[in-house]
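**Student:** Okay, predicted coordinates and the sequence, questions at the end:
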Amino acid sequence: MRTSLIVFAVLTAAIWMTPPLPAEALPFVGAPCPLGPSCPTPLFGTLINFDDLPTGVVVPMANYLGLGVTSITNIHANGAPLLTFPSTQSAPNYVGTGPVFEWDATILVEFAGTTSMVGIGVARVSEEDIADSLIGPLQGVEVLTIFDASMTVLETADIVPGSSVYQGFARASADIKFLRIDCDFCAVDDLQFLPVKVVSEPSTLLLLGTALMPLSVLRKRRPGGRPHARAQAVSDRPARARHRSIRRNDSVGG
């Protein structure tokens, strides 16, 4: 009996604590402002367009914590800050490292919880712009990547060619914790996501404790029988002692 309950408890805890299998993402391509019927297209969730900041300032890392974004930073080796620049795409601002750093950036967005759908507007140099300028060939490809809470890659997609695009991912489960935009020459705007789902870490311990509850019936009983019997025995001790004392006194008196 004891072995069966232990096996049941361990298997239950393992099932509850096993993460769900990753859901396959559905990449989507829309249109940035003002090119689509909505601003942006598709319009589906919490929208951060960076227009709350003046043009030409550094974007504070935790500026949008109240909206569900823990941080937005540039983790590129150039160490450049992210600034707001004047833009015709979703005017007045978009965000990037600027011409000093040739707009190279690896922008990492961390959400306060997990979400199932994210989108970002990307303004990038077009092939025509490259041909007509002194920029030269791009050194890499602009890429979008989403990660779960352990920084495991969920999906990745090349940003489609063109000077302006709105692109993202939709998943069956809310497991997106990070969005990374790798830019060889681009700026971003109109970050959008479905409301985040915040999961508290102690909940895992609670589930484990609940699963192990059947083990409580296996605790070893102490000598002396059932608890109420032991309590009754303790409460009767003074009375028995008085009876022995009375009999002793009677024998001495006789």
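**Tutor:** Sure thing, it's come through. Numbering: from 1, shown residues only.
**Student:** and residue 196, how many neighbours?
**Tutor:** Applying other CB atoms under 10 Å, we find 21 residues neighbouring residue 196. Glycine gets a C-beta too; all of them are placed from N, C-alpha and C.
**Student:** got the contact list for the closest residue in space to it that isn't next to it in sequence?
**Tutor:** Distances taken as CB to CB, 6 or more residues apart in numbering place residue 113 nearest to residue 196, at 3.4 Å, with adjacent residues excluded. Residue 113 makes contact with 68, 174, 177, 196-199 under the criterion CB atoms under 8 Å, 6 or more residues apart in numbering.
**Student:** Give me the distance between residue 113 and residue 189.
**Tutor:** Separation of residue 113 from residue 189 (CB to CB, to the nearest Å): 23 Å.
**Student:** now do residue 57
**Tutor:** Distance, residue 57 to residue 189, by CB to CB: 15 Å.
**Student:** between those two, who's got more neighbours?
**Tutor:** A count of neighbours by other CB under 10 Å puts residue 189 above the other of residue 57 and residue 189, at 27 against 11.
**Student:** My guess is the more buried one contacts residue 47. True?
**Tutor:** No. Residue 189 sits out of contact with residue 47 when judged by CB atoms under 8 Å, with a separation of 10.2 Å.
**Student:** CA atoms of the longest strand along the chain as PDB?
**Tutor:** Counting residues, the longest strand found in the chain (DSSP state E) is strand 105-115. Provided in PDB are the C-alpha atoms of strand 105-115 (Å, rounded to 0.1, in the frame of the first residue of the first chain):
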ATOM      1  CA  ALA A 105      21.200  46.500 -33.600                       C
ATOM      2  CA  THR A 106      20.100  43.400 -31.800                       C
ATOM      3  CA  ILE A 107      17.000  44.500 -30.000                       C
ATOM      4  CA  LEU A 108      15.800  42.300 -27.200                       C
ATOM      5  CA  VAL A 109      12.300  42.700 -25.800                       C
ATOM      6  CA  GLU A 110      11.400  41.000 -22.600                       C
ATOM      7  CA  PHE A 111       7.700  40.700 -21.700                       C
ATOM      8  CA  ALA A 112       6.600  40.800 -18.000                       C
ATOM      9  CA  GLY A 113       4.900  37.500 -18.600                       C
ATOM     10  CA  THR A 114       4.300  35.200 -21.500                       C
ATOM     11  CA  THR A 115       2.100  35.900 -24.500                       C
END
